[in-house]
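Enquirer: pasting the sequence and the predicted model now:
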Amino acid sequence: MAGMKHDRRGVVPRKSRGQGDFDSLTPDVVIDSVEQTLETPMTALTIALPSYINRVYELQALSGERVIAKFYRPGRWSREALLEEHRFMADCAHEEIPLAMPIKLSGGRTLAETAGGVFFAIFNKRMGREFEIRGDDDWRRLGGMAARIHLAGQGAEAPARLRLHPETATRTELDKLLGRGFIPPPCDREFGNICQKILSHISGMFDDTEYIRVHGDCHRGNIIDRLDEGLMIIDFDDMMTAPPVQDLWLLLPGHAAECKKQTKLLVQGYEMFRRFDHYSLRLIEPLRAMRIIYFLSWCGMQKGDLKFDANFPEWGSVSFWRRETRDLATQLEVIRRGR
């Protein structure tokens, strides 16, 4: 919104009112917002689709056409950060990478806003199925897809988006966890100590590596197989600036030491389109630790949301934090063995 301040990562400080909230996002508001934006009469159909962070709905025009409306979680990204996501998607589409682009609205814009201040985008519905890996060539296809995304990603910068470095991104998330009372004592001290050890161990590993725009959440659940078009990538919500290996390691079924064959095949497919820094494979387990801390911080920000509390009833308990601390200590040992 006009005049709203945001930090250099593009994340808007969370507010309960004044910048929109999901409490006001009733089915009538969803339908009216899409109807007015598209200038197309809509039916009463409103199907909520699975989404941890945003609110996503399938709607139908009176003409019968189905669309997907994605309402972005208030307080997570600034307007500029969302537009950078859309620009990256446009760059990928220019490279003929199959994806679902936001519909262009009046004036060529792709981002709209409800009367209550919630940003949203509208997409044409596209069918497909989750990609099944059945052989070596499928792993190479995934690697090639990541490389093509990175060819688009290397062409511009995204200053309003997250830069995935331990001393900026991960330390910020850790500060949120420790500073906002999410972790009860003495778990807070134990958790903070193991996280500090991880950050001290891995931070220097990221100082001499390539950073480009990447998808950021490139796991198999975000890859759709459209038999007539090939592989389609969806959900650029976590698009960021990061080492290219970020878009490879989430595809693996386990830890790096257990997935050497799959990693080799991914890299083979990647190098059919773009050079890959083999030395960056050492970042896989550090990136896993960083993702764990990020996810815990994200959970903290959602605490109190009815949908979150129903899905994560144990989150925040003493037993929960002791288990997470043990898991991170184990992950530190994995990192130390692999370096």
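Expert: Cool, the structure landed.
Enquirer: distance of residue 41 relative to residue 65?
Expert: 11 Å (C-beta to C-beta, to the nearest Å). (C-beta placed from N, C-alpha, C; glycine too.)
Enquirer: my bad, should have said residue 27
Expert: Distance of residue 27 to residue 65, computed by C-beta to C-beta: 19 Å.
Enquirer: now residue 159
Expert: Distance of residue 159 to residue 65, given as C-beta to C-beta: 36 Å.
Enquirer: likewise for residue 127?
Expert: Going from residue 127 to residue 65 by C-beta to C-beta gives 13 Å.
Enquirer: compare these two and say which is more crowded by neighbours.
Expert: Neighbour totals were compared for residue 127 and residue 65, and residue 65 leads with 13 against 8 (other C-beta atoms under 10 Å).
Enquirer: what sits against that one?
Expert: Taking C-beta atoms under 8 Å, 6 or more residues apart in numbering as the criterion, residue 65 is in contact with residue 124.
Enquirer: list phi and psi for it.
Expert: phi -70, psi 140 (degrees, to the nearest 10).
Enquirer: the nearest residue to residue 27 once chain neighbours are set aside: how many residues sit nearby?
Expert: Nearest non-adjacent residue to residue 27, counting by C-beta to C-beta, 6 or more residues apart in numbering: residue 46, 4.4 Å away. Residues contacting residue 46 under the criterion other C-beta under 10 Å number 17.
Enquirer: residue 46 contacts residue 29, correct?
Expert: No: taking contacts as C-beta atoms under 8 Å, residue 46 lies outside contact range of residue 29: 10.2 Å.
Enquirer: can you pull out the helices in this structure?
Expert: Under the criterion DSSP state H, the chain contains helices at 27-38, 79-94, 136-153, 171-179, 187-202, 246-249, 260-270, 284-302, 306-311, 318-338.
Enquirer: quick one: which of the ones you listed is nearest residue 231?
Expert: Among the helices of the chain, the nearest to residue 231 by C-beta to C-beta is helix 136-153 (5.2 Å).
Enquirer: what does the closest one contact?
Expert: 88, 91-92, 94-95, 97, 131-133, 212-215, 218, 223, 231, 233, 244, 247-248, 251, 262, 265-274, 276.
Enquirer: where does the chain dip in pLDDT?
Expert: Applying pLDDT under 70 to the chain picks out residues 1-20, 306, 339.
Enquirer: how does it look with 80?
Expert: 1-21, 23, 52, 227-229, 303-309, 339 (pLDDT under 80).
Enquirer: from the centroid of it, which residue is nearest?
Expert: Nearest to the geometric centre of the chain sits residue 238, at 2.5 Å (C-alpha atoms, centre = their mean).
Enquirer: OK, contacts around residue 94?
Expert: Taking C-beta under 8 Å, 6+ apart, we find residue 94 in contact with residue 152.
Enquirer: what's the distance between it and residue 273?
Expert: Distance from residue 94 to residue 273, by C-beta to C-beta: 15 Å.
Enquirer: then residue 28?
Expert: As judged by C-beta to C-beta, residue 28 and residue 273 stand 47 Å apart.
Enquirer: name the nearest residue to residue 22, ignoring sequence neighbours.
Expert: residue 55 (6.0 Å).
Enquirer: quick check: that neighbour touching residue 46?
Expert: No: applying C-beta under 8 Å as the test, residue 55 and residue 46 come out as separate, 10.7 Å apart.
Enquirer: so what sits against both of those two?
Expert: The overlap between the contact sets of residue 55 and residue 46 (C-beta under 8 Å, 6+ apart) consists of residue 30.
Enquirer: check contacts around the residue nearest to residue 229 when sequence neighbours are not counted.
Expert: Among residues not flanking residue 229 along the chain, residue 98 sits closest, at 4.6 Å (C-beta to C-beta, 6+ apart). The neighbours of residue 98, taking C-beta under 8 Å, 6+ apart as the test, are 226, 229-233.
Enquirer: residue contacts, the nearest residue to residue 53 once chain neighbours are set aside?
Expert: In space, and not counting its chain neighbours, residue 53 is closest to residue 73: 5.2 Å by C-beta to C-beta, 6+ apart. Going by C-beta under 8 Å, 6+ apart, residue 73 touches 22, 53-55.
Enquirer: now, those that are in strands?
Expert: Under the assignment DSSP state E, the contacts of residue 73 contribute residue 55 to strands.
Enquirer: farthest-separated two in the contacts of residue 73?
Expert: Most distant of the contacts of residue 73, by C-beta to C-beta, are 22 and 53, 10.6 Å apart.
Enquirer: and the residue lying closest to residue 103 once chain neighbours are set aside, how far from residue 86?
Expert: The shortest distance from residue 103 to any non-neighbouring residue, by C-beta to C-beta, 6+ apart, is to residue 122 (4.8 Å). Remark: distance between residue 122 and residue 86 (C-beta to C-beta) = 12 Å.
Enquirer: can you check residue 223 too?
Expert: From residue 223 to residue 86 the distance is 20 Å (C-beta to C-beta).
Enquirer: between these two, who's got more neighbours?
Expert: The neighbour count for residue 223 versus residue 86, taken as other C-beta under 10 Å, is higher for residue 223 (22 against 18).
Enquirer: list the contacts of the more buried one.
Expert: So residue 223 contacts 130-131, 142, 145, 231-234 (C-beta under 8 Å, 6+ apart).
Enquirer: nothing else from me, thank you.
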